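**Student:** I need the structure of the sequence given here:
(one chain, ligands or ions: 1)
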Amino acid sequence: MRAISSAQAAPAEAEDFCPSCKGVGYLVMDVPYGHPEFGHLIACNCRHAQRMQQRREHLFAISNLGPFVSKTFDNFDASVSGVARAYARALKFAEQPVGWLILFGGYGTGKTHLVAAIANQVLNTGYRTVLFAVVPDLLDHLRSTFGPTSEIAYDERFEQVRGADVLILDDFGTENATPWAREKLFQIFNHRYNYKLPTVITSNRKPEEIDPRIFSRMSDRELCDEIIMIDAGDYRRTTAPGQRFEPKKPEPPRRSGRRDVDRTGRNF
Ligand SMILES: [Zn+2]
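**Tutor:** Below you'll find the predicted structure:
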């Protein structure tokens, strides 16, 4: 193969050029006139790398990971007592996302950091859709797209969540448990259960407080061989502020007092 002649190449600084295609992005087959492949264009490897980068950026843009992009396995302190097992299981899941990973533990046990690290690592491989969703926010979002005027947006969004290659549901159990919310969550869990889709769930509730229909699916040994209980005291307090970790932030507000109202003011 050879580069398309420089006269056809887009003008650019010489050092920006890919040495193979001179920045055109395509190569022509180096075959004589009359050959069936004469004049055929082939994408250069640099174009492939660019497409992969675009795909990574697109996947990142739809993942909701914005505030958690700095959370990685490298900056998680696995030596804090009580988190070692959760760290090991999360790392294993990130390397090979199979089945369900379920982490129970109170606020400040590092759950969100660990599952964001999973999302960041899987996204960096560049070919899977990863959706990171804080459950109460996800339900707010679904409610806001749900209604007679926006059925299509709702269906699309719901399908995107339900069918993501890897779905990470953070803070499950704190959402306002209206019948509507319970039903939506059950549909998501049930779909992921039936199709055995890789799913990560964190909760600061006690297992017995989880919707029994969902908990029975979490307890299926074929999908999830162990439910991890993190008992780390307060992960953020035990790691030195100002060094590798942020100082402890105030407790997030409890969400139980909020009313579930959609745009039209109807209660769900
Ligand atoms: Zn090239």
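
**Student:** for the helix or strand R51 falls within, which positions count as buried?
**Tutor:** Assessed by DSSP states H and E, R51 sits inside helix 45-61. Using 16 or more other CB atoms under 10 Å as the burial criterion, the residues of helix 45-61 that qualify are 46-47, 59-60. Just so you know, the C-beta spots here come from the backbone N, C-alpha and C atoms, and that holds for glycine as well.

**Student:** what sits up against that helix?
**Tutor:** Contact partners of helix 45-61, identified using CB atoms under 8 Å, 6 or more residues apart in numbering, comprise 18, 20-21, 25-26, 69, 123-124, 126-130.

**Student:** and L169, what are its bridge partners?
**Tutor:** A133, I201 (DSSP bridges).

**Student:** residues contacting it?
**Tutor:** 133, 135, 138, 188, 199-202.

**Student:** same thing but at 10 Å, please
**Tutor:** Contact analysis of L169 by CB atoms under 10 Å, 6 or more residues apart in numbering lists 102, 115, 131-135, 138, 161, 185, 188-189, 192, 199-203.

**Student:** cool, and Q160?
**Tutor:** 62, 129, 131, 167.

**Student:** domain-wise, how is this structure divided?
**Tutor:** 11-52, 62-238 (automatic domain parsing).

**Student:** avg pLDDT for the last one?
**Tutor:** Going back to what we said before, that points to domain 62-238. Domain 62-238 carries an average pLDDT of 87.

**Student:** check the shortest one too.
**Tutor:** For domain 11-52, mean pLDDT rounds to 82.

**Student:** restrict the contacts of helix 45-61 to contacts with the ion.
**Tutor:** 18, 20-21 (CB under 5 Å from the ion).
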